[in-house]
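Colleague: what would the 3D arrangement of this be:
(one chain, ligands or ions: 1)
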Amino acid sequence: MIESPAIRARDVDDMLTRYHFSSETRRIIEEEHLLPPALLHRLHLNFAEQSRFFRTDAYYFSGKTYYNGLAGFREIIGVLTANGIEIGDITEREFFIEVYRFLATKHVLNSIDWSNYEEDTMYQLVFPQPGMIPRDEVQKYINAATDEERRMVVEEYTRKTNPHDGKQMLNKPWFLNDDGQLEILQGCQHKYPPIALIFDQFTQNCFAFCTYCFRHAQVRGDEDMFVQDDVEQLLMYLRQHKEITDILITGGDGGFIHYDRLAEYVLPLLSDPTLAHIRTLRFGSRALTFHPELLLTDEFENILSLLQQCVDSGVQVIWVAHLSTPRDILNPGTIAAIRRLKAHGVAIRSQSPIMKHISLFTHPDGTVDIDRSAQNWIDLGNLLGMLGVGFHSMYCARPTGEHHYFTAPLADIHKIFSKVYKSLSSVNRPSRYITMTSSAGKISLLGTAEVNGETVFALKFNEGRNMDWMDRVYLARYDEQENTIEKLLPYQGEKHFYEDECEEIERRLEAALRHEMARAGNNDQ
Ligand code: SF4
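Modeller: Predicted coordinates for the structure are as follows:
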């Protein structure tokens, strides 16, 4: 190892002891040179405030890896209480858990700075907070006298949440198989021509649950969740759709896929010429944030070899992380896991969520603190650059779950983005403007302009139900408070240019899907 003047190999060793890494993980880090002291030294010099490398606070959670559901939450509360920490509002938090679920890893729990937990972004990311669910709903839960009454309150509120924003059910594809039989892919979304999303049966879980989750149906196991059981069915669909170049294994968390299942998807891509048009394999995963030690095991070596095989065969492999603060990254496990992926040819890109309380901050009066928020993103952009991780995009909270808690006015987000964009060198900037997903597509907020003395927002699709929409910049009325791009009013006229066509496309998709599902039902009989 290269010795840094300030951090020596011995200091790294002490750090690994402090983080309770297993002997297997320590050996991998050592043998694969995953934590060079010079790198840690430079990162620590640049981001001393956010760095957790040389922490001296207590390490409360050891032993088990996962703390799941109400029982896991109560166990955590027990550990905290035993150490003199009372987070309070337990009943309200438990209501949230019953509606949305709860899961935290040892890594997450030990990443939180418990001496200042209320300000800790990881704490906000995983722990339910007072104010997330509206007060009157919480009160019903508090007032419920029996378990049965509580269950009914939970069920009633769960029905009010919005698990499938953006009309995702319309993105389910279908095809005729070699016998002329209709097949619907129950665990796939094909909305934009170049990419198919796969919700594999083994990725319907997460390493921890984000409080702002936008895939509640998957995470809660709702009846209408997307689940792909049959790999061959997906491969047949891909063979018929030469416009698809990318497949994204997602969930839940794509990082949950095990070697044998991944091989079922990947080996045909490498050997079957009729699948040569698939040139990119993506994983949507938060393992780097929630459970980086998973990537630092001998077992994970098999997956890495498979991914390396892809890279050596001209299939680029992209690990899509969702990093939104330097705090997600500045710990030895995450740095080592990033370096291990990269050493096997895997590119990492961050699609980063802009969420109030986590990666966007407010003043005590509730207004957005533009400077502090921008600094978080400037630091993140520079840090990603130092680690060779691509800064793919910053995206806005989707109107699902407790959206009101995490969202902020687009006008403020735009001000933050402008500062970030100006401050970062061009190679470290996000590759997209601020983006928000809707049923129509992914729309970027390019900025503001003056038209006839009036300030307007300039918008542009970067993916659309009709990809031709991407050719056009369009205008919307400036609004200081609106937080959802698709709700911005057109600058002129009643509707945005794409709305009628979008409604027509959705109507056709809905009718066709209903028709095909009925046919598939008949085929089954
Ligand atoms: S990782 Fe994704 S699917 Fe899982 S809880 Fe977080 S947002 Fe939801």
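Colleague: within range of the ligand, give me the residues from this protein.
Modeller: The chain has residues Cys206, Phe209, Cys210, Cys213, Phe214, Arg215, Gln218, Val219, Gly252, Asp253, Arg286 near the ligand, with proximity defined as CB under 6 Å from any ligand atom. Every residue, glycine included, has its C-beta placed from N, CA and C.
Colleague: could you redo the last one with a cut-off of 8 Å?
Modeller: Proximity of the chain to the ligand (CB under 8 Å from any ligand atom) is limited to residues 103, 206-210, 212-216, 218-219, 251-253, 284-286, 290, 322.
Colleague: now, which of those residues lie within strands?
Modeller: In strands, defined here by DSSP state E, the members of the residues of the chain next to the ligand are Leu103, Gly284.
Colleague: tell me the bridge partners for Thr448.
Modeller: Each beta-bridge partner of Thr448 is listed here, defined by DSSP bridges: Phe457.
Colleague: right, and it touches Glu454 too?
Modeller: No - counting by CB atoms under 8 Å, Thr448 stays clear of Glu454, with 10.3 Å between them.
Colleague: identify the contacts common to those two.
Modeller: In terms of CB atoms under 8 Å, 6 or more residues apart in numbering, Thr448 and Glu454 are both contacted by the residues Tyr478.
Colleague: between these two, which one's more packed in?
Modeller: Neighbours around Thr448 and Glu454, counted as other CB atoms under 10 Å, are more numerous at Thr448. The numbers are 16 against 11.
Colleague: how about the more buried one, what does it touch?
Modeller: Taking CB under 8 Å, 6+ apart as the criterion, Thr448 is in contact with His414, Thr455, Val456, Phe457, Ala458, Tyr478.
Colleague: now do the nearest residue to the third one once chain neighbours are set aside against Gln481, distance only.
Modeller: Excluding its sequence neighbours, the residue lying closest to Val456 (CB to CB, 6 or more residues apart in numbering) is Leu475, at 4.6 Å. Relative to Gln481, Leu475 is positioned 18 Å away (criterion: CB to CB, to the nearest Å).
Colleague: swap in Leu103?
Modeller: From Leu103 across to Gln481, the span is 34 Å (CB to CB).
Colleague: which one's more surrounded, these two?
Modeller: For Leu103 against Gln481, the residue with the higher neighbour count under other CB under 10 Å is Leu103, and the figures read 21 against 9.
Colleague: what sits opposite that one in the beta ladder?
Modeller: Listed by DSSP bridges, the beta-bridge partners for Leu103 are Asn68.
Colleague: hang on, it packs against Tyr66?
Modeller: Yes - look at Leu103 against Tyr66 with CB under 8 Å: they come within range, at 6.5 Å.
Colleague: now for these two: what residues contact both?
Modeller: By the contact definition CB under 8 Å, 6+ apart, Leu103 and Tyr66 are jointly contacted by Gly72.
Colleague: quick check: the residue of the stretch 301-450 of the chain found nearest the ligand vs His107, distance?
Modeller: Ranking the residues of the stretch 301-450 of the chain by distance to the ligand (CB to the nearest ligand atom) places His322 first, at 7.1 Å. Counting by CB to CB, the separation of His322 from His107 is 15 Å.
Colleague: who has more neighbours, these two?
Modeller: When His322 and His107 are compared for neighbours, His107 comes out ahead with 23 against 17, by other CB under 10 Å.
Colleague: hmm, Pro292 and that one touching each other?
Modeller: Yes - in this structure, His107 sits in contact with Pro292. The criterion is CB under 8 Å, and the distance is 6.5 Å.
Colleague: now the common contact residues for the two.
Modeller: Common contacts of His107 and Pro292, defined by CB under 8 Å, 6+ apart, comprise Asn331, Gly333.
Colleague: run through the residues that contact the spatially most central residue of the chain.
Modeller: Geometric centre of the chain, nearest residue: His322, 4.5 Å, by CA atoms, centre = their mean. Listed by CB under 8 Å, 6+ apart, the contact set of His322 reads Gly284, Arg286, Thr289, Ser350, Gln351, Ser352, Pro353.
Colleague: let me see the ranges of the helices in the stretch 101-250 of the chain.
Modeller: 106-111, 121-126, 135-143, 147-160, 216-220, 231-240 (DSSP state H, counting those that start in this stretch).
Colleague: give me the neighbour count for Leu197.
Modeller: Using other CB under 10 Å as the criterion, Leu197 is surrounded by 23 other residues.
Colleague: now it: how far from the ligand?
Modeller: 12 Å (CB to the nearest ligand atom, to the nearest Å).
Colleague: pretty sure that residue is touching Leu185, no?
Modeller: No - checked against CB under 8 Å, the pair Leu197 and Leu185 is beyond contact range at 10.2 Å.
Colleague: what about Asp365, how many neighbours?
Modeller: A total of 5 residues lie near Asp365 under the criterion other CB under 10 Å.
Colleague: burial of Cys396, as a residue count?
Modeller: Neighbour number of Cys396 under other CB under 10 Å is 24.
Colleague: beta-bridge partners for the residue nearest to it when sequence neighbours are not counted, please?
Modeller: Take Cys396 and drop its neighbours on the chain: the residue closest to it by CB to CB, 6+ apart is Met436, 4.3 Å away. When bridges are called by DSSP bridges, Met436 pairs up with Ile443.
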